[in-house]
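1. need the 3D shape of this:
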Amino acid sequence: MDAPRAASHPHVMNNSRVIGQLLLAAQHITEDLLTTALREQRTTRERLGDILVRHGVAPRCVAQALAQQLRLTYMDPPLQPDSAAIQLIDRATAERLRVIPLTVREKLLRVAMVDPLD
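-> Sure thing, here's the model as predicted:
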């Protein structure tokens, strides 16, 4: 069953609504591409961003829109982690979780994530 459609954009569904609108507003995708990707999403159940990347949208654009949607900071590579932060997570754990420890302040560890939805 499809999620309810957003009133502000007739082609966009619940979770995809925001990222689709953000990418449209930034002119990274067209209405036609969004419609095609949403149709494909209904059958494949894949994330909209993955579908759009497969259709040629730059992964960086999708990552920036996802960060904006989730109200997270997007950081361009290369990332510059603090040595104190790196010492808090061993390499195997960081690779398994797909995170990079960036900074540590008091009891707060800031990490970069490959996919914040994981």
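
2. please make it C-alpha for all contacts and neighbour counts, starting now.
-> Noted.

3. quick one, what contacts residue 52?
-> By CA atoms under 8 Å, 6 or more residues apart in numbering, residue 52 lies in contact with 33, 34, 37, 62.

4. report pLDDT for the first one.
-> So the one you mean is residue 33. Residue 33 carries a pLDDT value of 97.

5. ranges for the helices of the protein?
-> Along the chain, the segments classed as helices by DSSP state H run 14-25, 31-44, 48-54, 59-69, 83-86, 91-97.

6. just how off-centre is the fourth one within its chain?
-> Using CA atoms, centre = their mean, to the nearest Å, the distance from the centre of helix 59-69 to the centre of the chain it belongs to is 5 Å.

7. same thing with the longest one?
-> Relative to the centre of its chain, helix 31-44 is centred 17 Å away, using CA atoms, centre = their mean.

8. give the other helices and strands that it contacts.
-> helix 14-25, helix 48-54 (3 or more CA pairs under 8 Å, 6 or more residues apart in numbering; DSSP states H and E).

9. next, count neighbours for the nearest residue to residue 31 once chain neighbours are set aside.
-> Distances taken as CA to CA, 6 or more residues apart in numbering put residue 24 closest to residue 31, at 7.2 Å, once the chain neighbours are dropped. The local packing of residue 24 (other CA atoms under 10 Å) involves 15 other residues.

10. having no further points to raise, I will conclude here.
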